[in-house]
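K.L.:
Give the three-dimensional model of this entry:
(one chain, ligands or ions: 1)
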Amino acid sequence: MLAMNKIKILGTTVIIIAATIIISSCKDKRSTGWEYAPNMYEHLAYDPDQKNDNFKDGKTAQVPPAGTTPIGFIRFDYANTKDGYEKAGLEYKDTIAASNQNLADGKILFQHFCSPCHGMSGQGDGLVVAHGFPAPPSYSKGQSSRGGAMKDLTDGKIYHTITYGVNAMGSYASQLEPNERMKVILYVHHLQTL
Ligand code: HEC
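P.N.:
Coordinates of the predicted model:
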């Protein structure tokens with residue numbers, strides 16, 4: 001008796017599964033079949049890649065108006081050229097406070113990202129240099145390959161270097177956000193005095 005019941009239950013389950021597969025697969029190929037809670041897929045808001053008659057160009061994803069700056073975005077409109085470097089050196093000034101906290105944060109970031117080459121005290125004697133990587137000039141005693149003493153590098157020249165890199169040094173733009181770059185610069189200024 002019990003065995004009969006088991007077979008019945010099994011049979012019914014197989015039929016239900018087969019029916020579900022048949023019903024849900026026999027529809028239009030582009031259809032997603034029966035959807036549970038369809039308003040989760042077909043919501044009222046426009047998708048960014050959806051056509052949109054409310055705008056002249058018919059697109060939902062609109063380009064920001066010319067000359068606008070997104071909230072929280074810090075501009076650095078200097079090209080990756082020698083001219084851009086010199087111009088940034090003259091015009092650009094960091095906008096964070098030279099507080100102990102910012103300096104302490106800058107020290108940690110410097111030790112993580114820069115000290116492998118520049119060394120803990122910025123003398124150009126980091127660990128990878130000990131393994132044969134070309135030594136960067138000392139921040140306090142060296143000469144910049146782009147002219148002038150390293151100790152005289154301004155906010156803008158250092159920011160430009162972190163953003164774009166220079167020769168053997170790569171860009172750190174994807175590792176450090178603008179305000180983190182500023183904190184590192186605070187610490188580099190400290191190392192320039194050693
Ligand atoms: C992979 C090794 C390496 C790392 C990591 C590195 N640098 Fe450098 N850096 C160099 C080398 C090499 C130079 C010298 C390049 C040249 O002038 O030819 C240099 C040059 C510089 C200069 C001088 C630029 C100039 O105008 O002459 C600054 C400032 C500087 N680095 C800052 C940083 C900071 C800040 C970091 C961390 C965010 C960093 N570097 C990380 C290798 C590195």
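
K.L.:
After the longest helix along the chain, which helix or strand is next?
P.N.:
As assigned by DSSP state H, the longest helix anywhere in the chain is helix 2-25. Per DSSP states H and E, the first helix or strand lying C-terminal to helix 2-25 is helix 82-91.

K.L.:
Now that following helix: buried residues?
P.N.:
When neighbours are counted by 16 or more other CB atoms under 10 Å, the buried residues of helix 82-91 are found to be 84, 85, 86, 87, 88, 89. (C-beta placed from N, C-alpha, C; glycine too.)

K.L.:
Which single one of the residues you listed is nearest to the ligand?
P.N.:
Among those, residue 85 lies closest to the ligand (CB to the nearest ligand atom), at 6.9 Å.

K.L.:
out of the buried residues of helix 82-91, who's nearest residue 97?
P.N.:
Checking the buried residues of helix 82-91 against residue 97 with CB to CB, the nearest one is residue 88 at 20.8 Å.

K.L.:
could you give me the average pLDDT of the longest helix of the chain?
P.N.:
Mean pLDDT, helix 2-25: 83.

K.L.:
I would like the residues contacting that helix, please.
P.N.:
Helix 2-25 is touched from outside by 33, 34, with contacts defined as CB atoms under 8 Å, 6 or more residues apart in numbering.

K.L.:
can you dump the C-alpha coordinates of the helix or strand that contains residue 102 into CSV?
P.N.:
For residue 102, the host element (DSSP H and E) is helix 100-113. The C-alpha trace of helix 100-113 is given here as CSV (Å, rounded to 0.1, in the frame of the first residue of the first chain):
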residue,chain,number,x,y,z
ASN,A,100,48.2,65.8,12.0
GLN,A,101,45.5,63.4,11.0
ASN,A,102,45.9,64.0,7.3
LEU,A,103,49.7,63.7,7.6
ALA,A,104,49.3,60.4,9.5
ASP,A,105,47.0,59.1,6.8
GLY,A,106,49.5,60.3,4.2
LYS,A,107,52.3,58.4,5.9
ILE,A,108,50.4,55.1,5.8
LEU,A,109,49.5,55.6,2.2
PHE,A,110,53.1,56.5,1.3
GLN,A,111,54.4,53.5,3.1
HIS,A,112,52.0,51.2,1.2
PHE,A,113,52.3,52.7,-2.3
